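**Student:** Got a sequence here, can you model it:
(chains A and B)
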Amino acid sequence: MDNVYIHGAGMTRFGRLQQSLSELFFQACEGAIFESGIEDYDCIFVGAMNPEEFEGEANLASIITDLIGMVPTPAMRIETASATGAAIFQVAAMAVASGVYNRVLVLAGEKMTGVETIEATRILAEVISKNERNYGASMPALAALVTRRYMYDFGMNSKDLALVAVKNHFNASFNPYAHFRSRVSLEKVLTSKIIASPLRIFDCGPISDGAAAVVLSNEPSEVKLIGMGHGTDYLGVSYRESLTSFTSSVVAAKKAYKMAGIEPRDVDFAEIHDAFTSFEIIGSEDCGFFPEGHGYRALRDGKTQLDGSFPINPSGGLKARGHPVGASGLAQLVEIFWQLQGKCKERQVKGRVGLAQSIGGFATNNFVTILQRV
Amino acid sequence: MLRASRCRNQHTFVPNRKICPKCRRATEEVEISCRGIILTFTTLNVPPKGFKGPIIMALVKLEEGEVVFCKYNEKEENKLKIGAKVAIEVDTCGLYQFKLLC
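**Tutor:** Numbers count the residues shown, from 1 in each chain, chains lettered A, B, ... in the order given. Next up, the predicted model:
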């Protein structure tokens, strides 16, 4: 992959916001257009997981071109559950790489707080297998099953999980776009309510609103897309090859490294899909940064902190920057783009190559994308 | 015994599936042992709309190797541990539930 560059990015703040989904898209899009200086696009790629149920909005791609004054520009929507933002980026990149389009605008967002939390939990649970839903299973329940097994197999404890939350809230305290700007103590995390044992409320990503936008072009810029990969897994968690590693992430990472012609050791920092604290640890292993069962030890040793040897989630991650499901995968790439440009001030990390790993559903449709400063 | 689906490549699934998700071949119904061990479990205190918590759920690995998603009809998980021996039965709603074997 050597002809897709990022020219600009924009984001709304993430959190419990007053604006509608359309207004969020508009704001993110204005930011990206301003930053890139590009006004005309060959196509607009739009990502949202479930605006039909969260907001009662359908035909989103057409809504967007009308909203942002870009009729009759082509526009389409892609959906892969909570990895939608990564999926739309990759599809848009393929369109540019193929030569069909030269300049495209990529948008991803979700408005989740317009419905009550119990209804949002039900909508989110629709992405898991119907068989498991019949038992009352939810995303936190499945994440808890995986987490307990990882703890049993590798000796991780609840304090290790809490360290992910403490670290990511600390990072988010420097991120003006984050849902949570407040830091949390280890004690506060470890005494918080248990949602699905052993996961506590601070182990779970929040329900957030927000949108992100990126401008891609085949004309050179400071930051280039060098690799991307994508894989799926069986819907039912009972069919999985492993309970402590996500095959779809492993497949996606291998493809992305192969396309980029690099190894995990060539990556300088990463944004990992920490919808649950244990997912950051598992993701760091699935992407090859640490051997299986060693991700939590790297965390304990401080390697994944902002000033560590391999920072993970400098943005605060899904855990603290927030998790508007359709937007998160693209927001990860916005963070990497801004990090590679040296624009992140107090949360700035060093490095030339950044990787984003995004999980769709219960790790059934995962993406890995690698960016490099030219 | 539990009803399961098996394809000619010996991939076996509980609950039943007409087409094997691993090799796309048609399956036929077989009976397999209902005994197994707990691979992992959780107590969900905040269930989705339409369910009353807490709900205890587990993945159980049966003697022949299949993994089953199932529930535990008790209020507390304190007697459960990974590796514990269990037997699975089907409740009146068609859901799998397990009981601890001593």
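**Student:** Run through the stretch 51-200 of chain A and note the low-pLDDT ranges.
**Tutor:** Applying pLDDT under 70 to the stretch 51-200 of chain A picks out no residues at all.
**Student:** show me where it has strands.
**Tutor:** A:75-78, A:103-110, A:194-196, A:199-200 (DSSP state E, counting those that start in this stretch).
**Student:** what's the angle from the helix or strand containing A:I6 to strand A:103-110?
**Tutor:** A:I6 is located in strand A:5-11, with elements delineated by DSSP states H and E. Orientation of strand A:5-11 against strand A:103-110 (axes from the mean of the first three to the mean of the last three C-alpha atoms, to 10 degrees) gives an angle of 30 degrees.
**Student:** For chain A, what lies in contact range of chain B?
**Tutor:** Taking C-beta under 8 Å from any C-beta of the partner chain as the criterion, chain A approaches chain B at residues A:118-119, A:121-122, A:125, A:131-138, A:140-141, A:144-146, A:148-149, A:152, A:193-199, A:234, A:236-239, A:243. Placement of C-beta: from N, CA and C, glycine included.
**Student:** that older thread, so which of the strands of the stretch 51-200 of chain A comes closest to A:C43?
**Tutor:** When the strands of the stretch 51-200 of chain A are compared by C-beta to C-beta, strand A:103-110 sits nearest A:C43, at 5.0 Å.
**Student:** what's the offset of that closest one from the middle of its chain?
**Tutor:** 14 Å (C-alpha atoms, centre = their mean, to the nearest Å).
**Student:** Residue 23 - how many residues pack around it?
**Tutor:** You didn't pick a chain, so chain A it is. Other residues lying near A:E23 total 17 when counted by other C-beta atoms under 10 Å in any protein chain shown.
**Student:** I was after chain B.
**Tutor:** 12.
**Student:** Doesn't it lie inside a helix?
**Tutor:** No: according to DSSP: H, G, I helix; E, B strand; the rest coil, the state of B:C23 is coil, so it is not within a helix.
**Student:** can you tell me how far the nearest residue to A:R352 once chain neighbours are set aside sits from A:V223?
**Tutor:** The shortest distance from A:R352 to any non-neighbouring residue, by C-beta to C-beta, 6 or more residues apart in numbering or on different chains, is to A:R373 (4.8 Å). A:R373 sits 6 Å away from A:V223, going by C-beta to C-beta, to the nearest Å.
**Student:** Between the two, tell me which one has more neighbours.
**Tutor:** Between A:R373 and A:V223, A:V223 has the larger neighbour count (other C-beta under 10 Å), namely 22 against 17.
**Student:** got a list of what the more buried one touches?
**Tutor:** A:5-6, A:337, A:340-341, A:371-374 (C-beta atoms under 8 Å, 6 or more residues apart in numbering or on different chains).
**Student:** do B:K18 as well
**Tutor:** Here B:K18 is in contact with B:5, B:26-27 (criterion: C-beta under 8 Å, 6+ apart).
**Student:** how about the residues of chain B near chain A?
**Tutor:** Counting by C-beta under 8 Å from any C-beta, chain B sits next to chain A at B:13, B:15, B:21-22, B:39-51, B:53, B:55, B:57-59, B:67-71, B:77, B:82, B:95.
**Student:** Return the subset of the residues you listed lying in strands.
**Tutor:** Among these, DSSP state E puts B:13, B:39-44, B:55, B:57-59, B:67-71 in strands.
**Student:** What score does A:F202 have for pLDDT?
**Tutor:** With respect to pLDDT, A:F202 scores 97.
**Student:** ok, it - contacts?
**Tutor:** A:162, A:165, A:184, A:188-189, A:192, A:277.
**Student:** So what's the residue count around the closest residue in space to it that isn't next to it in sequence?
**Tutor:** Nearest residue to A:F202 in three dimensions, chain neighbours excluded: A:V189, at 4.1 Å (C-beta to C-beta, 6+ apart). Neighbour count for A:V189, taken as other C-beta under 10 Å: 22.
**Student:** what is the residue sitting nearest the centre point of chain B paired to in the beta sheet?
**Tutor:** Nearest to the geometric centre of chain B sits B:V68, at 2.7 Å (C-alpha atoms, centre = their mean). For B:V68, the beta-bridge partners are B:V60 (DSSP bridges).
**Student:** wait, what's in contact with it?
**Tutor:** A:238, B:2, B:14, B:36, B:59-60, B:62, B:88, B:96.
**Student:** Is it possible to get a markdown table of these that adds distance to A:I359, pLDDT and neighbour count?
**Tutor:** Listed next are these as a markdown table, based on distance: C-beta to C-beta, whole Å; pLDDT from 0 to 100; neighbours: other C-beta atoms under 10 Å in any protein chain shown:
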| residue | distance to A:I359 | pLDDT | neighbour count |
| --- | --- | --- | --- |
| A:S238 | 18 | 93 | 23 |
| B:L2 | 31 | 93 | 21 |
| B:V14 | 26 | 91 | 22 |
| B:G36 | 28 | 97 | 27 |
| B:L59 | 19 | 98 | 24 |
| B:V60 | 25 | 98 | 27 |
| B:L62 | 28 | 96 | 20 |
| B:I88 | 30 | 97 | 19 |
| B:Y96 | 27 | 97 | 20 |
